[in-house]
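Asks: coords below, sequence missing:
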């Protein structure tokens, strides 16, 4: 009777790559005391990362549609009319991208509520930022976080909030490919930027700027939270190989690399032919001792 083949991919799907982590990734992988292991803190952490992930997926889709915008103009010249399907799709995607950024900040609010329950933080994202700017949040929320939220409210946050509120409850704005620059002009008659409707001749650059603002804030706060983690061992997943999960133990700290920690899975894969970790020959966690 032939031997049953091994299940799963023959390629090791590496997940443990600290050198590639953002501060938010690091917090997700290593989070533990003094912060809760369940509840709003964990939900907010996963919510924030989920919305950033959706942003990246939708941004890829928008980038695929963008080169097709010229076809709307070609239809107009050829037929005297165009349904502007591609432009309407691009506008809706662009607005959804901004909403995902705002929802990521909603995850941050939930995370902070769970991490600092005594701070009695507000239930609305906009109110969290405004209260931080107005000095209405007490010392139960660390000053570093209050300062970061207040600085955001004093610069980029209000416009992001207003944009999100408008596009959620109104029709989409309109976009037009500018032949002379290659930029995409965006106009929304109901979204006011001061006394005038919002207009930008490069909506892609504007959305990227908002993304940079949000990511920088999340990185700043996640870096602070990460510095508060107590030094302790964490069980983490290295990756997947032939339908099995491979794990190691690492000590929480700022200097983790792919070589860090102690291999846990060697306890079983060394006795199962064909299941040996294919990276063991070059992995510091597989070597004797803890790094």
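Replies: Cool, got the structure. Here the structure is a predicted model, which is why all the values come from computation and not from measurement.

Asks: for the chain, which spans come out with low pLDDT?
Replies: Residues of the chain meeting the criterion pLDDT under 70: 1-10, 72, 81-82, 288-291.

Asks: How is it divided into domains?
Replies: 1-20+231-291, 34-227 (automatic domain parsing).

Asks: Determine which stretch of those is the most buried.
Replies: domain 34-227 (a mean of 17; mean count of other CB atoms under 10 Å). C-beta here means a position set from N, CA and C on the backbone, and glycine is covered the same way.

Asks: what are the ranges of the helices in this protein?
Replies: According to DSSP state H, the chain carries its helices in the segments 23-30, 40-65, 70-79, 85-115, 125-133, 143-153, 157-169, 203-227, 266-269.

Asks: Just the angle for the fifth one relative to helix 157-169, thanks.
Replies: Relative orientation of helix 125-133 and helix 157-169, computed by axes from the mean of the first three to the mean of the last three CA atoms, to 10 degrees: 170 degrees.

Asks: heads up, I number from 102, so please use that
Replies: Understood, numbering begins at 102; the last thing we discussed is helix 226-234.

Asks: okay, the angle between helix 226-234 and helix 244-254?
Replies: Put simply, helix 226-234 runs at 110 degrees to helix 244-254, going by the same axes, to 10 degrees.

Asks: which helices and strands does helix 226-234 pack with?
Replies: helix 186-216, helix 244-254, helix 258-270 (3 or more CB pairs under 8 Å, 6 or more residues apart in numbering; DSSP states H and E).

Asks: quick one: which of these is nearest residue 117?
Replies: The closest of those to residue 117 is helix 186-216. By CB to CB, the value is 22.7 Å.

Asks: tilt between that closest one and helix 141-166?
Replies: 170 degrees.

Asks: For residue 314, see how far away the residue nearest to residue 231 when sequence neighbours are not counted is.
Replies: Distance criterion CB to CB, 6 or more residues apart in numbering; nearest residue to residue 231, sequence neighbours excluded, is residue 254 at 5.9 Å. In this view, residue 254 and residue 314 are 12 Å apart by CB to CB, to the nearest Å.

Asks: I'd like the helices and strands packed on helix 226-234 as JSON lines, with distance to residue 175 appended.
Replies: Putting the helices and strands packed on helix 226-234 into JSON lines (distance: least, CB to CB, whole Å) gives the following:
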{"stretch": "helix 186-216", "distance to residue 175": "11"}
{"stretch": "helix 244-254", "distance to residue 175": "42"}
{"stretch": "helix 258-270", "distance to residue 175": "27"}
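
Asks: Those: which one's closest to residue 309?
Replies: helix 186-216 (9.6 Å).

Asks: quick one: the closest one to chain centroid distance?
Replies: Relative to the centre of its chain, helix 186-216 is centred 10 Å away, using CA atoms, centre = their mean, to the nearest Å.

Asks: cool, and stretch 162-174?
Replies: Worked out by CA atoms, centre = their mean, stretch 162-174 lies 25 Å from the chain centre.

Asks: Double-check residue 135 against residue 329; I have them as touching.
Replies: Yes: the criterion here is CB atoms under 8 Å, and residue 135 meets it with residue 329 at 6.5 Å.

Asks: contacting residues for the closest residue to residue 312 other than its chain neighbours?
Replies: If the residues on either side of it in the chain are set aside, residue 312 comes closest to residue 202, at 6.1 Å by CB to CB, 6+ apart. Shown in contact with residue 202 (CB atoms under 8 Å, 6 or more residues apart in numbering): 152, 156, 261, 311-312, 315.

Asks: 7 Å instead?
Replies: Neighbour list for residue 202: 156, 261, 311-312, 315 [criterion: CB atoms under 7 Å, 6 or more residues apart in numbering].

Asks: Cool, thanks, talk later.
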